[in-house]
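K.L.:
predicted model, plus sequence, below.
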Amino acid sequence: MEKSIIIVGGGIAGLATGCYAQMNGFKTTIIEMHSIPGGLCTAWKRKGYKFDISMHMVTGSVSGPFNKMWKELGVIEKFNFHYHDHYLRIEGRENSITFCNDRKKLEEQLLAISNTDAELIREFTGLLFGRDMLDAASLKPSELKNLWDKFKILPQVLPLMKVFMKYKNKSLQEFAEKFSDPFLKKAIRYFLDGPGWAMPDYPMITLTGFINSGLNKSGVPLGGSQQVAFKIADRYKELGGDLKLNQKVTDLIISGNKVKGVILADGSECNADFIVWAGDGHTLIFDILKGKHISEPLKNMYENWTPVKPVLHVMMGINRDFSEEPHKLLFELDKSETVAGQEIRWLSFLHHSYDPSMAPPGKSSVEVWFDTDYDYWERLAADKEKYETEKRRIADFTIAHLAKRFPGFDSQVEVVDVPTPVTYKRYTGNWKASPDGWAITNSNLFSMEPVRTLPGLEGLFMAGQWTAPYTGTVIAALSGRQIIELMCRREGRKFITEQ
C-alpha cells in the first residue's frame, strides 16, 4: 500500500526530501508558506537587477559524493558553473591580500607582508591546499552504516588523522593570534570569521582542503541560487509530487503518541502516514510542541549552540561593470560606522558580474553584508518610519564608503534595496532570522550527527538546517535524502536514487 508523507517547508531540505520520497514510491505533499519554493535559497528583481543572497557555490559541482546527490536532484546537468580563482580579497589601510587558488602566489603575498611569520604562513597554506576533507564524506545515514562502509573510507580518513590530532579543539581565531604582524592577525581571522559573516570559535580542522573543495571543486550556478531551487522543484513535480504554496502549517494532529497530520492557518487539516518537518526547528519544538518533546541533544543545541548571526544587506544595482574587480572584497574604512549598536570598521562587498543574468549588460548587481542583531531590528520594525530611516542611513554611508574605494560609485547607483533580519523572518520563518542555522564551532564539531526525531512522538521526522551544525544548502539537501533512505529501510524497501 502506498504510504503518504507531508513535508513542511519548501526550501532545499523539503524539496530534496520530496524528490527522494517520490523516487521511492511514497505519495508526498510539500506545504510551503511562501508564494515560491526555495526558502532561504532565493532571489528577487528590482529594475532589471537580480539580488541573490544564497548558494554562492554548489559544493561538489565537479566531483565527490555530493556531486552524485546534485545529479540525482537534476542540478548538475541543468546549469553551467563559474569557478572563481580567488575566495576573498582583504584590503587594510596599508596592506592587502588576495586569497587565491594558487598556493605559491598566496604564500608570496603573505611572506611579503611578514617573513617573520613564515612558519605560520606555510602551516596555514598547507591546510588550505591540503587533502580535501569532503572526499571522506558519505551520503549514507550513519544509522545505516556497517563495518564495510566505515572501512571503505579509511583511505580518505587516515591521511587526515594527523591533522585532526594536531588541531582538535583549536580555533581559527586562536591560530590568527599567533601571527606577529597586526594586519595578518586580522586577515587570517577574517578569511572566514570576518565582518559581515561572523563565525566565532571556528574549528581549524575544517580548513583542511578548503581551497581545493571551496574553489576548485565548487562552482557558482550561473542563473543564481533561486534557479537551483526552482529546478529541484520542477524535478519534484515531474516525479509526481504535490507542491502547495501560500499555505502555512500552524499545528500538528497528534493521536496518542502518533503524529497523523498537520493543521493549516485556515483551519483545514491534512493527514498522512508520516510528517517531515523541513522548516524552522524552533517553531516546531517550542511554539507548536511547547518544548514537551525534546531530547538531551536537542536541549543542548538550543541552550548551548550559537545560531549563525542574521545579516543585513545593502543590495544595489550599479551602472558599472565590476567584472575586473575581486568578486568578494573586505576593506577597512577610514572612519567607523554603527549598525544596530555595533561598531563597523570594515565593509564586506560582493558583486555578481561573473553572471550575466544578474544585471543588464555593462551593469552589476552588488551587495554589502553586515552581521547584526535580530532583536534590534525586530524592535525597530515596530516603528515603520524609524525602521525605514535607519535603513536609508546605512545605505547612504555604505554608498559613500564604496565611492571612496570605487570613485564615481555614488553617481552610478540605479537601485537600492535593504533587506534586514526582519525580512528574512517574514519570508522564511527562521528563528532569529539566522541564514544558516547553527554555527559550526569546536564545541559542536564532533556532534555532527543530525537529530532527526523527537522523543515520545512517532511518525514525525526533521530535516534541514536546524538538525546539525552549519548545514548550508548541501547538508540541508543531504538531510532530506537520508530521511527517505531511513524510511525505506523502515518500510523494507530498496532505496532508489534515480528515476
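P.N.:
Perfect, thanks for sending it. Fair warning: this is a prediction, and the values are worked out from it, not measured in the lab.

K.L.:
all helices of the stretch 301-450 of the chain, in order?
P.N.:
374-380, 384-405, 409-412, 421-428 (DSSP state H, counting those that start in this stretch).

K.L.:
please save the CA atoms from the first one in CSV.
P.N.:
Spelled out, that is helix 374-380. What follows is helix 374-380, C-alpha atoms only, in CSV (Å, rounded to 0.1, in the frame of the first residue of the first chain):
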residue,chain,number,x,y,z
TYR,A,374,17.9,40.3,15.2
ASP,A,375,16.2,41.7,18.4
TYR,A,376,17.4,45.2,17.5
TRP,A,377,15.7,45.1,14.1
GLU,A,378,12.5,43.4,15.4
ARG,A,379,12.1,46.3,17.9
LEU,A,380,12.9,48.9,15.3
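
K.L.:
show me the domain layout of the protein.
P.N.:
Domains of the chain are assigned by automatic domain parsing as 4-43+63-79+223-305+441-491, 85-218, 311-428.

K.L.:
can you tell me which of the helices of the stretch 301-450 of the chain is nearest to Q109?
P.N.:
The closest of the helices of the stretch 301-450 of the chain to Q109 is helix 384-405. By C-beta to C-beta, the value is 19.4 Å. In short, each C-beta sits where N, CA and C put it, glycine included.

K.L.:
tell me how far the closest one lies from the chain's centre.
P.N.:
26 Å (C-alpha atoms, centre = their mean, to the nearest Å).

K.L.:
and the angle from that helix to helix 421-428?
P.N.:
Counting by axes from the mean of the first three to the mean of the last three C-alpha atoms, to 10 degrees, helix 384-405 points 110 degrees away from the direction of helix 421-428.

K.L.:
start the count at 7 instead of 1 going forward.
P.N.:
Done: numbering now begins at 7, and the last item shifts to helix 390-411.

K.L.:
packing partners for helix 390-411?
P.N.:
strand 317-324, strand 334-345, strand 348-357, strand 370-377, helix 380-386, helix 415-418, strand 419-423 (3 or more C-beta pairs under 8 Å, 6 or more residues apart in numbering; DSSP states H and E).

K.L.:
pLDDT (mean, whole number) over the last one?
P.N.:
In this model, strand 419-423 has a mean pLDDT of 98.

K.L.:
contacting residues around the helix or strand that H288 is a member of?
P.N.:
Taking DSSP states H and E as the criterion, H288 maps to helix 287-288. By C-beta atoms under 8 Å, 6 or more residues apart in numbering, the residues outside helix 287-288 that reach it are Y308, W437, G443, M468, G470, W472, T473.

K.L.:
for the helices of the stretch 307-456 of the chain, which one ends up most surrounded?
P.N.:
helix 427-434 (a mean of 20; mean count of other C-beta atoms under 10 Å).

K.L.:
next SSE after it?
P.N.:
strand 466-468.

K.L.:
direction included, what does that following strand pair up with?
P.N.:
strand 280-283 (parallel) (DSSP bridges).

K.L.:
I'd like the average pLDDT over the partner strand.
P.N.:
98.

K.L.:
same check, this time on stretch 436-451
P.N.:
91.

K.L.:
and it, C-alpha only, in PDB?
P.N.:
Taking Å, rounded to 0.1, in the frame of the first residue of the first chain, the C-alpha atoms of stretch 436-451 are listed here in PDB:
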ATOM      1  CA  ASN A 436      13.700  31.200  10.600                       C
ATOM      2  CA  TRP A 437      14.400  31.600  14.300                       C
ATOM      3  CA  LYS A 438      16.400  34.800  15.000                       C
ATOM      4  CA  ALA A 439      16.500  35.200  11.200                       C
ATOM      5  CA  SER A 440      19.500  33.000  11.000                       C
ATOM      6  CA  PRO A 441      20.500  32.400   7.400                       C
ATOM      7  CA  ASP A 442      22.300  29.100   8.100                       C
ATOM      8  CA  GLY A 443      21.000  27.600  11.300                       C
ATOM      9  CA  TRP A 444      23.700  26.600  13.800                       C
ATOM     10  CA  ALA A 445      27.200  28.000  13.600                       C
ATOM     11  CA  ILE A 446      29.900  25.300  13.500                       C
ATOM     12  CA  THR A 447      32.300  25.600  16.500                       C
ATOM     13  CA  ASN A 448      34.800  23.400  18.300                       C
ATOM     14  CA  SER A 449      32.100  22.600  20.900                       C
ATOM     15  CA  ASN A 450      29.700  21.100  18.300                       C
ATOM     16  CA  LEU A 451      32.200  19.900  15.600                       C
END
